[in-house]
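Visitor: Build me a model from this:
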Amino acid sequence: MAVLNQFEQGLNRYLPTDILAKIAEIKIGIAGAGGLGSNCAQMLVRTGFRNFKIIDFDILDASNLNRQFYFMHQVGRSKVEALKDNLLLINPDINIEIIQGKFESDMAAGFFADCDAVVEAFDRPEYKKLIVETYINSGKLLVAASGLAGWGNSDDIVIRQIKENFYLVGDLTSAIGPDCPPLAPRVHIAAAKQADIILNYFLT
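Guide: This is a model prediction of the structure:
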C-alpha cells in the first residue's frame, strides 16, 4: 500500500495497516448516487475503501438535501460529479470512476465487471430488478435495499442473506408515498447496513 495520507494515518489508529491494505485493493460499484448510494459511498471511504465506480443520471435538487450526502451550493449539479468532489474531501487519494447516465439493460452485464462488490442503490423498481438479475449469479458480492421510507420502527430495517453473496437490507414494505416520505434517519440506517455488509464480507 502507498504511503498513508493524513486521513489514512488517522484511520490507522483503529484499523491496522494490513487491514487497510486489504480494503484498499477492493473496488466497489455503486448503482445510484441518491440517499443510499451517496451515504453508503461516504461510509465506505471513511472506512478505508479506495476504488469506486458510480453511475447515476440525476441532477441534484434541493429536495434531495434532507437525506443525501450533498450540500446547498451543489444544487443543480450532476450527482455523480458532486459526490466525487465530496468523497475526495474525505480522502483525496481515492480512485473514483463516475458515469452520468442511465443503467440500461444492454450495458448491465459488463458495467461492473471490474468491481468486487455491487451496491444496488436505485429508487425505481425496474432498475433494482435489473441490477439484482444481472449480478446475483456473478460471484460478486451484491447488496440491495428495499423498504426504508417513513420514520419510526427503525429496528424493522434488517439484513437478509438471500444467497451466499447476496444481501437485502430494509423492511421490504415501506414504499415512498405522501404519508411515507424519504427521511434521513431510516435512509442512513439502510445505507450504513449496506456499507457494513461490505466491510464484514471482505474482512471475515
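
Visitor: Where is the longest helix in this structure?
Guide: If you go by DSSP state H, the chain has its longest helix at helix 184-203.

Visitor: residues of that helix that come out buried?
Guide: Applying a neighbour-count criterion of 16 or more other Cβ atoms under 10 Å, the buried positions in helix 184-203 are 186-191, 193-199, 202. For every residue, glycine as well, the C-beta is placed using N, CA and C.

Visitor: Stretch 115-128 now?
Guide: Buried residues in stretch 115-128, counted by 16+ other Cβ under 10 Å: 115-122, 127-128.

Visitor: Between the buried residues of helix 184-203, which sits nearest I30?
Guide: Q194 (9.5 Å; Cβ to Cβ).

Visitor: Hmm, C40 and the closest one touching each other?
Guide: Yes - between Q194 and C40 there is a contact at 4.7 Å, judged by Cβ atoms under 8 Å.

Visitor: beta partners of the nearest residue to V80 once chain neighbours are set aside?
Guide: Leaving aside its chain neighbours, V80 sits nearest to I98 (4.0 Å; criterion: Cβ to Cβ, 6 or more residues apart in numbering). Beta bridges link I98 to I54, judged by DSSP bridges.

Visitor: Likewise for A31?
Guide: With DSSP bridges as the rule, A31 is bridged to I55, E120.

Visitor: by contact count, what packs against the worst-scoring helix or strand of the chain on mean pLDDT?
Guide: Each helix and strand of the chain was given a mean pLDDT (mean pLDDT, DSSP states H and E); the minimum falls on helix 108-111 at a mean of 88. For helix 108-111, the packing partners by 3 or more Cβ pairs under 8 Å, 6 or more residues apart in numbering; DSSP states H and E come out as helix 125-135.

Visitor: residues in contact with the helix it packs on?
Guide: 31-32, 103, 105, 108-109, 112, 118, 120, 122, 142, 144, 146, 166 (Cβ atoms under 8 Å, 6 or more residues apart in numbering).

Visitor: Now with 6 Å, please.
Guide: 31, 103, 105, 108-109, 118, 120, 122, 142, 144 (Cβ atoms under 6 Å, 6 or more residues apart in numbering).

Visitor: Next: stretch 54-68.
Guide: Residues from elsewhere that reach stretch 54-68 (Cβ under 6 Å, 6+ apart): 30-35, 38, 70, 74-75, 77, 79-80, 82, 98-99, 101-103, 182, 184, 187.

Visitor: in this structure, which spans are helices?
Guide: Listed in chain order, the helices found in the chain under DSSP H are 6-11, 17-24, 35-46, 79-90, 108-111, 125-135, 184-203.
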